[in-house]
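Novice: kindly return the folded structure for what I paste below:
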Amino acid sequence: MDIAEKLMEELECRVAFTIPILGGIPVPESCVITWVIMAVLVIASILLVRKLKKVPTGSQCLIEIGINWMNNFFLEILGEKGRKYLPILETFLIYIGFSNIIGLFGLRPPTKDLGVTATLAIFAIILIQYSGIREKGVKGWAKSFREPMLLMLPMNLLEIIIKPLSLCMRLFGNVLGAFVVMELIKMILPVGLPLVFSFYFDIFDGCIQAYVFVFLTSLFMSEAMESE
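Specialist: Numbering: from 1, shown residues only. Coordinates of the predicted model:
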């Protein structure tokens, strides 16, 4: 099988199983793996917060360092008015990060499914516009589309779709691009080197893509919430 055939196979939306009602509803593999990620994160959350102490030790220190880093990261972009959006933005970051590195465990990352990245982009659209409406009010939000002049109205309306769509295609493209590079490396040197690059793309690059997605989402939210 050549690289083009492997790429087409990778682009194919795989069905894990079908639900035998209404003619059989297909359940994508990416959906099942997302359920696995959700279950692991929920169980880990329950186990890690069972015995919290006022003076943190061990794993509690690592958890608090991670939470504080995420809080400070988003608040630096959004300011204090963005504190109410921290839970969903941090959920984005954790989910995308785990989705990208799950390939290390032999599972297909959900972010290789264009449907998953498109859904994340739709949620980003809703979150960005909701934050603008909540901070400015409906009238102020609608008025912002005429800035800096009425002539810019069509372009500003297009940005509602263009910005999140760029997030979707960037995330999907980078994950798929990593697959292509890995296949080329396997063709050149099938032993040893692929393992090193697999760790790079699955861990480092996967975390970078999660970081970029939430950074740009929060940046667009900051722009939407800006006062005149």
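
Novice: can you count the residues close to the closest residue to S59 other than its chain neighbours?
Specialist: The shortest distance from S59 to any non-neighbouring residue, by Cβ to Cβ, 6 or more residues apart in numbering, is to L48 (6.1 Å). Every C-beta, even on glycine, is put in place using the N, C-alpha and C of the backbone. Number of residues near L48 (other Cβ atoms under 10 Å) recorded here: 13.

Novice: swap in K54?
Specialist: K54 has 4 neighbours, counted by other Cβ under 10 Å.

Novice: all helices for this protein, in order.
Specialist: 3-11, 29-48, 59-78, 86-101, 114-143, 153-188, 193-199, 206-225 (DSSP state H).

Novice: circling back to that earlier point, ok, the residue nearest to S59 - contacts?
Specialist: Each residue near L48 by Cβ atoms under 8 Å, 6 or more residues apart in numbering is listed here: S59, Q60, I63.

Novice: and with 10 Å instead?
Specialist: Contact partners of L48, counting by Cβ atoms under 10 Å, 6 or more residues apart in numbering, are S59, Q60, L62, I63.

Novice: the first one contacts L47, correct?
Specialist: Yes. Taking Cβ atoms under 10 Å as the contact criterion, S59 and L47 are neighbours in contact, 9.4 Å apart.

Novice: hang on, the earlier thing: adding mean pLDDT and distance to R108, write the helices of the chain out as a markdown table.
Specialist: Shown next, in a markdown table, are the helices of the chain (pLDDT from 0 to 100; distance: least, Cβ to Cβ, whole Å):
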| stretch | mean pLDDT | distance to R108 |
| --- | --- | --- |
| helix 3-11 | 62 | 8 |
| helix 29-48 | 88 | 6 |
| helix 59-78 | 89 | 26 |
| helix 86-101 | 90 | 10 |
| helix 114-143 | 86 | 11 |
| helix 153-188 | 76 | 10 |
| helix 193-199 | 66 | 14 |
| helix 206-225 | 86 | 13 |
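
Novice: dump the ones you listed to a markdown table, plus distance to T18.
Specialist: Shown next, in a markdown table, are these (distance: least, Cβ to Cβ, whole Å):
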| stretch | distance to T18 |
| --- | --- |
| helix 3-11 | 20 |
| helix 29-48 | 12 |
| helix 59-78 | 38 |
| helix 86-101 | 23 |
| helix 114-143 | 16 |
| helix 153-188 | 25 |
| helix 193-199 | 32 |
| helix 206-225 | 30 |
